[in-house]
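S.K.: I'd like to go over a predicted model; first the sequence, then the structure.
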Amino acid sequence: MMKDQRPTDYFTETEIELLRMKSNFRGVMAVVHCWSVILLVWVVASIWTNVFTVLLGILVIGTRQLGLFVLAHEGAHFNLSSNRTLNDWLMQWPLNRVLLGGTGKGYRKYHVQHHANTQQENDPDLVLSKPFPISRSSFRRKIFRDLTGQTGFKLYGATIKEAFSGENRWLGLSNGFRRLGPNLLINIIFFSGFAFAGNWHLYFLLWWVPALTWNHFVTRIRNIGEHAVVSDNDDRLKNTRTIIANWWERVFIAPYSVNYHLEHHLIVNCPCYNLRRAHQMLVDKGIEDQMEIVHGYPDMFRRAVLA
C-alpha cells in the first residue's frame with residue numbers, strides 16, 4: 001500500500017500554486033513547436049531527399065510523435081490550457097487524431113487509475129514495468145521487434161480491429177469509420193500534401209515508418225525509465241523515476257521534460273514546462289537523496305537490463 005504522501009509534504013502552498021500555474025500561450029506553443037519540427041523535417045527531406053535526411057528524419061519525427069503523445073498526456077491532466085475547451089481540442093485534434101488516437105477522454109479515465117495506484121497490483125500500467133529487470137537477450141528481442149515495426153503493426157492492428165468490431169459487418173464498418181474516420185481524413189490531407197510536392201513516398205517514409213519503428217522504441221525506453229526497477233513501490237519519491245537527460249537524450253528520447261516523471265507524479269497538474277523548476281526546488285530542499293534519480297538513460301539501462 002502506498003504511503004500517504006501529499007505535495008504539501010515537499011512544497012509550500014505558494015510553491016504549489018506557482019508550479020501549477022498554466023499559460024495558454026505556452027501550451028499552444030508547445031504544440032506548435034512539435035509540429036514545426038515535424039514540418040521542418042518534411043520540408044528539408046522533400047528538398048534534399050537522400051539516405052541521410054530520411055534516416056535522420058525518421059529519428060526526429062519518431063521522437064516528435066512521442067512528443068505528440070507527451071503533450072496529449074499533458075492535456076489529459078488539463079495542463080495544456082486553463083481553458084478546458086481549448087485544452088481538450090488541442091488534445092484531440094493536433095495531438096491524438098493524427099495517428100490512431102481517439103478523443104483522449106478515454107485515456108484520461110484510464111490514466112487517473114495509474115496515478116492513484118502507481119506500482120500497485122491494480123495499476124493498469126504495471127504490466128509495463130513489472131517484468132524488469134530482464135536479460136540482455138530479452139531486451140534485444142524487444143528492441144528488434146520495435147525497430148522492425150513488429151510492435152507497431154501489432155498495436156495499431158489491434159486498435160483498428162477493436163475500432164471496426166461490431167455485431168455484424170455493417171455495424172463494424174460504422175463503428176470503425178466513426179472512431180477512425182477523422183484520423184483517416186487528416187492522413188489523406190498529409191498524403192495529398194506530399195503528393196502535391198511530388199514526393200508521395202515520403203508520406204510513408206517520414207510519417208508511418210517512424211510511427212511504426214522509432215516511436216515505439218523511444219516509447220519503450222520512456223516506459224522503462226519511468227517505473228521499471230524502482231527502489232520502493234510504496235513510496236512516491238521512489239516508485240517513479242526522474243532521469244537527468246542531456247541535450248541529445250532530450251532531442252531523441254525525452255521531449256517536453258517527460259524525463260521529470262517523479263515531479264509529475266508529485267504534482268500531476270504541474271505543466272511540463274514547470275517540471276524542471278519543481279525538480280530544482282526539491283534538490284534545493286535537500287530531498288535529492290530520497291528521490292529515485294538516475295543521470296542519463298545508459299545509467300537506467302544498467303539497472304533494468306541484467307548483465
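M.R.: Happy to help now that I have it.
S.K.: Which residue ranges of this structure form strands?
M.R.: Counting by DSSP state E, the chain has strands at residues 242-244, 293-295.
S.K.: Where is the longest helix in the chain?
M.R.: helix 169-196 (DSSP state H).
S.K.: buried ones in that one?
M.R.: Asn175, Gly176, Arg179, Leu180, Pro182, Asn183, Asn187, Gly193, Phe194 (16 or more other Cβ atoms under 10 Å). For every residue, glycine as well, the C-beta is placed using N, CA and C.
S.K.: Rebuild the strands of the chain as TSV, extending it with mean neighbour count, mean pLDDT and distance to Ser81.
M.R.: TSV is the format used below for those (neighbours: other Cβ atoms under 10 Å; pLDDT from 0 to 100; distance: least, Cβ to Cβ, whole Å):
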stretch	mean neighbour count	mean pLDDT	distance to Ser81
strand 242-244	22	98	25
strand 293-295	17	97	30
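S.K.: can I get those in CSV with distance to Pro7?
M.R.: Converted to CSV, these look like this (distance: least, Cβ to Cβ, whole Å):
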stretch, distance to Pro7
strand 242-244, 16
strand 293-295, 18
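S.K.: Give me the buried positions along stretch 127-141.
M.R.: By 16+ other Cβ under 10 Å, the buried positions in stretch 127-141 come out as Leu128, Ser129, Phe132, Ile134, Phe139.
S.K.: quick one: contacts for the fourth one?
M.R.: For Ile134, the contact set (Cβ atoms under 8 Å, 6 or more residues apart in numbering) comprises Lys142, Ala304, Val305, Leu306.
S.K.: Repeat that for the first one.
M.R.: Leu128 sits next to Asn223, Ile224, His227, Ala228 when contact means Cβ under 8 Å, 6+ apart.
S.K.: In PyMOL, select just the buried ones from those residues.
M.R.: Buried residues within these, by 16+ other Cβ under 10 Å, are selected in PyMOL with:
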select buried, resi 224+227+228
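S.K.: Return the backbone torsion pair for Val230.
M.R.: Note on Val230: backbone dihedrals following degrees, to the nearest 10 are phi -80, psi 160.
S.K.: That one against Lys130, yeah?
M.R.: No. The criterion here is Cβ atoms under 8 Å, and Val230 misses it with Lys130 at 11.1 Å.
S.K.: Need the overlap of contacts for the two.
M.R.: Shared contacts of Val230 and Lys130 (Cβ under 8 Å, 6+ apart): none.
S.K.: Any regions of the stretch 101-250 of the chain where pLDDT drops low?
M.R.: Applying pLDDT under 70 to the stretch 101-250 of the chain flags no residue at all.
S.K.: if we can go back for a sec, give me the subset of the buried residues of stretch 127-141 lying in helices.
M.R.: Leu128, Ser129, Phe139.
S.K.: now, which of those residues sits nearest Leu66?
M.R.: Of all those, Leu128 has the smallest distance to Leu66: 14.6 Å, by Cβ to Cβ.
S.K.: what's the spacing between the residue nearest the centre of the chain and Val230?
M.R.: Closest to where the C-alpha atoms of the chain average out (Cα atoms, centre = their mean) is Val70, at 3.7 Å. Distance, Val70 to Val230, using Cβ to Cβ, to the nearest Å: 20 Å.
S.K.: go on, Ile267?
M.R.: According to Cβ to Cβ, Ile267 stands 19 Å off from Val230.
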